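Q: One predicted model, sequence on top.
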Amino acid sequence: MSRKVTDKAVGNRPARHVKTIIIGSGFAGLGLAIRLSQQGRNDYLVLERGSDVGGTWRDNTYPGAACDVPSHLYSYSFALNPNWSRSFSKQGEIQRYIQGVAREYNVLDKHLFDCDVTGARWNNATNLWHIESTQGSFTADTVVSAVGALCEPALPDIKGINGFEGEIFHSARWDHDADLKGKRVAIIGTGASAIQIVPSIAPDVAHLDVYQRTAPWLLPRFDRPYTMPERLAFRHIPGFQRLSRAAIYAARETQVVGLAKVPALMQAFELIAKAKLQLEIRDPQLREKVTPNFRIGCKRMLISNDYYPALSRSNVDVVTDGIKEVRANSIVTKDGTEREIDALIVATGFHVTDSPTYNTISGKDGRTLAEVFDEIGQQGYKGSTVANFPNMFFLLGPNVGLGHTSMVYMIESQINYIADALSTVDRLGLRTVEVKREVQDSYNKDLQRKLVKSVWSTGGCASWYLDKHGNNTTLWPDFTFEFRRLTKNFDVSAYETTTVETSSNNLKVVAAQ
């Protein structure tokens with residue numbers, strides 16, 4: 001039903017009504033846009049704050065940026081890429097792949113780029129979402145948040161950091177105009193980005209201080225270029241690439257047994273990581289510094305072949321004393337040591353369980369998503385819906401994250417669920433759908449019960465997987481094919497619903513002329 005909405009507008013322009021609005025166009029938002037187009041649902045719009053598709057792969061352009069999931073698995077199942085150059089792709093190649101898929105499926109005209117959503121609120125009177133953005137106002141029957149977990153950089157709360165006079169930037173906002181050659185550089189953090197940055201810049205800088213709070217576990221990175229016969233086989237032998245993808249998926253899925261079900265089995269991975277550490281770092285003092293004190297898998301497992309050798313360079317120091325303050329041209333640690341630097345790289349991760357975007361979304365009782373999560377924790381239903389937020393779906397919502405395989409698999413599972421939800425709404429003539437609170441509570445109780453025995457709960461570490469309540473609200477605690485089964489169909493019985501007829505008296509809309 002086409003509508004002209006009598007609602008608040010920007011200037012003299014009426015708010016533009018779109019049946020479905022998708023916020024964000026990384027792997028998740030782009031994938032859903034393609035599915036909607038394939039279903040003939042063309043009354044949708046993707047609002048993307050960046051100037052292109054790609055999300056995290058558009059934004060993270062730091063030296064050495066690459067994926068830690070094999071290339072053939074880190075792609076859409078409906079758009080396999082026979083042209084991957086190597087087994088683990090680098091940032092630029094992944095971004096070009098995403099751009100190519102967007103062009104191939106002809107959805108770029110459904111995007112509004114450089115459009116930052118500043119607010120989204122549910123209106124009980126109109127039964128519509130009202131969206132404010134830097135490019136005007138919109139209303140929508142349904143909103144889908146495809147804002148990824150790794151999109152809002154987290155800056156450390158360190159005394160004096162704002163007064164640093166040298167070059168300073170977050171790894172996810174890399175300053176390509178900054179010339180680090182021959183300079184004294186410090187990097188704060190030893191996570192997935194840092195272990196790629198350190199070996200990439202260490203040969204060129206005069207000196208590099210790596211500030212480590214917690215040593216990560218590292219496994220070998222089995223990365224290599226694909227040979228020409230392999231690439232020809234991927235292109236021309238029917239089913240060969242899909243079989244390769246299935247084999248990679250199956251091998252990765254075996255890790256779930258140790259991560260989520262029997263943590264003691266992770267000792268096998270730990271032995272591999274310890275052997276790697278022993279072989280690649282000969283200095284016993286440095287080796288002691290970078291030896292983790294928790295079970296492997298408790299934090300994200302990292303893969304690298306050049307991080308440990310980079311730490312062993314004569315111009316690199318690993319600093320494990322906590323930072324007391326940052327001064328105009330130096331960092332002072334808690335033991336009183338002052339180290340002068342010219343540039344500071346902040347590789348301290350992202351706001352995952354406390355994303356600033358949560359403050360911009362208001363539900364039916366007026367509370368923001370941030371306020372709801374502050375009270376109950378970051379909870380949802382199948383990672384796709386949250387009670388109090390009717391007609392809103394989430395891609396990469398609570399407890400959808402993974403520590404072992406491709407997030408694209410989970411994204412496609414959620415796309416299936418949301419696409420079926422929209423079809424169900426149309427078929428049954430529904431006006432609103434909102435997950436029942438008791439259903440959501442039961443679902444999350446079951447999730448936390450499973451997580452209690454996982455390595456993330458028993459491995460002896462604190463991680464960004466946990467929210468402020470101490471619950472792991474980030475990761476999926478089971479096989480990914482089990483999540484695919486749960487999201488195969490939209491279970492409308494789990495939702496409070498209203499029909500177009502029962503809610504028509506509340507709709508302040510008139511038929512479009």
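A: That came in fine, so what should we check first?
Q: Wait, a helix at residue 432?
A: No: Residue 432: not assigned to a helix; according to DSSP: H, G, I helix; E, B strand; the rest coil it is strand.
Q: in the sheet, who's paired with it?
A: Counting by DSSP bridges, residue 432 forms beta bridges with residue 498.
Q: distance of it from residue 360?
A: Distance of residue 432 to residue 360, computed by C-beta to C-beta, to the nearest Å: 21 Å. Any C-beta I mention is one placed from the backbone N, CA and C, and that applies to glycine too.
Q: end to end, how far does stretch 277-286 reach?
A: Stretch 277-286 has an end-to-end distance of 10 Å (C-alpha to C-alpha, to the nearest Å).
Q: So between residue 432 and residue 360, which is more surrounded?
A: residue 432 (23 against 20; other C-beta atoms under 10 Å).
Q: give the contact list for that one.
A: 127, 390, 391, 496, 497, 498, 503 (C-beta atoms under 8 Å, 6 or more residues apart in numbering).
Q: 10 Å - rerun?
A: Residue 432 sits next to 122, 124, 127-128, 141-142, 364, 390-391, 425, 495-500, 502-503, 506 when contact means C-beta atoms under 10 Å, 6 or more residues apart in numbering.
Q: Leaving out chain neighbours, which residue sits closest to residue 292?
A: Once flanking residues are discounted, residue 292 sits nearest to residue 215: 4.6 Å by C-beta to C-beta, 6 or more residues apart in numbering.
Q: correct me, but that neighbour touches residue 190?
A: Yes: in this structure, residue 215 is within contact of residue 190 by C-beta atoms under 10 Å, at 6.8 Å.
Q: In three-state terms, how would residue 52 be classified?
A: coil.
Q: Nearest spatial neighbour of it, chain-adjacent residues omitted?
A: In space, residue 52 is closest to residue 58, 5.5 Å off (C-beta to C-beta, 6+ apart).
Q: A strand includes that neighbour, no?
A: No: Residue 58 is assigned helix when assessed by three-state DSSP, not a strand.
Q: Give me the neighbour count for it.
A: Neighbour count for residue 58, taken as other C-beta under 10 Å: 19.
Q: Could you pull up the residues touching it?
A: Contacts of residue 58 (C-beta under 10 Å, 6+ apart): 25, 26, 48, 50, 51, 52, 91, 94, 95, 98, 99.
Q: Please report how far it lies from residue 23.
A: For residue 58, the distance to residue 23 - C-beta to C-beta - is 15 Å.
Q: hmm, which of the contacts of residue 432 are the buried ones?
A: 122, 127-128, 141-142, 364, 390-391, 425, 495, 497-498, 503 (16 or more other C-beta atoms under 10 Å).
Q: Now render the residues you listed as a markdown table, adding pLDDT and distance to residue 377.
A: Compiled in a markdown table, these are given as follows (pLDDT from 0 to 100; distance: C-beta to C-beta, whole Å):
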| residue | pLDDT | distance to residue 377 |
| --- | --- | --- |
| 122 | 98 | 21 |
| 127 | 96 | 28 |
| 128 | 97 | 28 |
| 141 | 98 | 29 |
| 142 | 98 | 25 |
| 364 | 96 | 20 |
| 390 | 98 | 21 |
| 391 | 98 | 23 |
| 425 | 97 | 28 |
| 495 | 98 | 21 |
| 497 | 97 | 26 |
| 498 | 96 | 28 |
| 503 | 54 | 31 |
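Q: any idea which of those is closest to residue 259?
A: residue 495 (31.2 Å; C-beta to C-beta).
Q: Give me the spatial nearest neighbour of that closest one, chain neighbours excluded.
A: Using C-beta to C-beta, 6+ apart, the nearest residue to residue 495 is residue 433, at 4.5 Å.
Q: got the contact list for that neighbour?
A: Residue 433 touches 142, 385, 390-393, 421-422, 424-425, 490, 492, 494-498, counting by C-beta under 10 Å, 6+ apart.
Q: swap in residue 240?
A: Counted by C-beta under 10 Å, 6+ apart, residue 240 has contacts 82, 230, 232, 233, 234.
Q: Make sure the fourth one is actually in contact with residue 226.
A: Yes: the pair residue 233 and residue 226 passes the contact test of C-beta under 10 Å, sitting 9.4 Å apart.
Q: Which neighbours do the two have in common?
A: In contact with both residue 233 and residue 226: residue 82, using C-beta under 10 Å, 6+ apart.
Q: The two - which one has more neighbours?
A: Of the pair residue 233 and residue 226, residue 226 is the one with more neighbours under other C-beta under 10 Å, namely 18 against 15.
Q: I'd like the distance between the more buried one and residue 234.
A: 8 Å.
Q: Could you tell me which residues touch both of the two?
A: Joint contacts of residue 226 and residue 234 (C-beta under 10 Å, 6+ apart) are 72, 82, 83, 84.
Q: how about the closest residue to residue 217 other than its chain neighbours, what does it touch?
A: Closest residue in space to residue 217, ignoring its immediate chain neighbours: residue 296 at 4.3 Å, by C-beta to C-beta, 6+ apart. Going by C-beta under 10 Å, 6+ apart, residue 296 touches 216-219, 258-259, 263, 266-274, 455, 459, 461.
Q: just residue 419 next, same as before
A: 32, 35, 36, 38, 39, 41, 490.
Q: So the third one is in contact with residue 19, correct?
A: Yes: checked against C-beta under 10 Å, the pair residue 36 and residue 19 is within contact range at 9.5 Å.
Q: Looking at those two, which one has more neighbours?
A: Between residue 36 and residue 19, counted using other C-beta under 10 Å, the more crowded position is residue 36 (24 against 19).
Q: nearest residue to that one other than its sequence neighbours?
A: Here the residue nearest residue 36, using C-beta to C-beta, 6+ apart, is residue 44, at 5.1 Å.
Q: Do a quick rundown of the strands in the stretch 201-350 of the chain.
A: Under the criterion DSSP state E, counting those that start in this stretch, the stretch 201-350 of the chain contains strands at 207-211, 218-219, 302-303, 316-319, 323-327, 330-333, 338-340, 343-346.
Q: who wins for proximity to residue 165 among those strands?
A: Each of the strands of the stretch 201-350 of the chain was scored for nearness to residue 165 using C-beta to C-beta, and the closest is strand 323-327 (8.9 Å).
Q: so what secondary structure elements neighbour that closest one?
A: Packing partners of strand 323-327 (3 or more C-beta pairs under 10 Å, 6 or more residues apart in numbering; DSSP states H and E): strand 184-188, strand 330-333, strand 338-340.
Q: what comes up buried for stretch 189-204?
A: Across stretch 189-204, burial judged by 16+ other C-beta under 10 Å covers 189-199, 201-202.
Q: Rounded mean pLDDT for it, please.
A: Looking at stretch 189-204 alone, the average pLDDT works out to 96.
Q: Restrict that stretch to CA atoms and write it as PDB.
A: Below are the C-alpha coordinates for stretch 189-204, written out as PDB (Å, rounded to 0.1, in the frame of the first residue of the first chain):
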ATOM      1  CA  GLY A 189      46.800  -2.900  21.600                       C
ATOM      2  CA  THR A 190      47.700  -6.400  20.500                       C
ATOM      3  CA  GLY A 191      44.400  -7.600  18.900                       C
ATOM      4  CA  ALA A 192      43.600  -8.700  15.400                       C
ATOM      5  CA  SER A 193      44.400  -5.300  13.800                       C
ATOM      6  CA  ALA A 194      47.600  -4.800  15.700                       C
ATOM      7  CA  ILE A 195      49.200  -8.100  14.800                       C
ATOM      8  CA  GLN A 196      48.800  -7.200  11.200                       C
ATOM      9  CA  ILE A 197      50.000  -3.600  11.600                       C
ATOM     10  CA  VAL A 198      53.100  -4.300  13.600                       C
ATOM     11  CA  PRO A 199      54.900  -6.500  11.100                       C
ATOM     12  CA  SER A 200      53.800  -4.100   8.200                       C
ATOM     13  CA  ILE A 201      55.400  -1.000   9.700                       C
ATOM     14  CA  ALA A 202      58.200  -2.400  11.900                       C
ATOM     15  CA  PRO A 203      60.800  -2.500   9.100                       C
ATOM     16  CA  ASP A 204      60.300   1.200   8.200                       C
END
